[in-house]
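Q: Could you work out the structure for the sequence below:
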Amino acid sequence: MKIVIKNTQGADAGEYEVKFPLITDGKGTQAVHDTVVAHLANRRSGTACTKTMGDVNGTGKKPWRQKGTGRARAGSFASPLWRGGGVVFGPKPRDFSKKVNDKTRALALRKAISERLKAGEVVIVDSIRLAAPKSREFAALLQKLGITDTVLLVTDTHDEALYRASRNVVGVESTTSSMLNTYLALKPSRLLFTRAAFEHLEKRLNPE
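A: Below is the predicted model of the structure:
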């Protein structure tokens, strides 16, 4: 598969031959699902906590005698039926993390990138050099490339100037090719790679 490479003015600057095998059948769909679910689960802190009757601070004295008051029977101030009492079956701190093996994770990323490529949602720029690390410069670049929706900028290495220029532009996220994962690859409407970043990603996606 060949992709047209753009320059910073939005003009064609040649073609690039994709060097990793694209997934063209249904293979990898379950791997994508498992990887995204695990990614979102691993982001959960799992710190939600409620107090049971045993955790509520207070006396263990019976509120009033069992009979003769005309009121309903009560045995504890910490009753879940009372305001300030314990919570029944409430959340407790827990670990939500899920494990996905390396082969499944690699297959999921290759599947995700293959689908984005086939849909024409990947843009490769030969290189990105801004006149100044300012948001308006990066916004102008996106306009020249015809990108109006959400976009993930992927560079080969962390570029502080480019990061500062893109971080305040609405709908733009950035990462490096080594940190790119399936969730990030599927989240935005478009993927914007530098040529060096895409070449580095290909090395990750080539099955050994």
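Q: which stretches of the protein have low pLDDT?
A: For the chain, applying pLDDT under 70 flags the ranges 207-208.
Q: That one: helices as residue ranges?
A: 29-42, 102-118, 135-144, 160-166, 182-186, 195-205 (DSSP state H).
Q: So which residues make contact with the fifth one?
A: Residues from elsewhere that reach helix 182-186, judged by CB atoms under 8 Å, 6 or more residues apart in numbering: 32, 35-36, 39-40, 105, 108-109, 111-113, 116, 152, 173, 175, 191. Where C-beta positions appear, they are placed from N, C-alpha and C, glycine not excepted.
Q: Could you give the separation of that helix from the chain centroid?
A: 7 Å (CA atoms, centre = their mean, to the nearest Å).
Q: contacting residues around the residue nearest to residue 160 when sequence neighbours are not counted?
A: Excluding the flanking residues, the one nearest residue 160 by CB to CB, 6 or more residues apart in numbering is residue 133, at 7.8 Å. Contact analysis of residue 133 by CB under 8 Å, 6+ apart lists 160-162, 164-165.
Q: now do 7 Å
A: 161, 164-165 (CB atoms under 7 Å, 6 or more residues apart in numbering).
Q: and which of these is nearest residue 3?
A: Nearest to residue 3 among those: residue 165, at 24.2 Å, using CB to CB.
Q: For that closest one, grab the count of nearby residues.
A: Neighbour count of residue 165, defined by other CB atoms under 10 Å: 25.
Q: how close does it sit to residue 117?
A: Separation of residue 165 from residue 117 (CB to CB, to the nearest Å): 26 Å.
Q: Name the residues of stretch 64-77 that are buried.
A: Using 16 or more other CB atoms under 10 Å as the test for burial, stretch 64-77 gives 76-77.
Q: So in terms of bridging, what pairs with the nearest residue to residue 121 once chain neighbours are set aside?
A: Leaving aside its chain neighbours, residue 121 sits nearest to residue 190 (5.3 Å; criterion: CB to CB, 6+ apart). Residue 190 has these beta-bridge partners by DSSP bridges: residue 151.
Q: let's have the chain start at 492 instead
A: Yep, numbering from 492; the last one is residue 681 now.
Q: you'd agree residue 681 is up against residue 642?
A: Yes. Judged on CB atoms under 7 Å, residue 681 makes contact with residue 642 at a distance of 4.6 Å.
Q: Can you tell me how far residue 661 is from residue 610?
A: 23 Å.
Q: One more: residue 633?
A: 19 Å.
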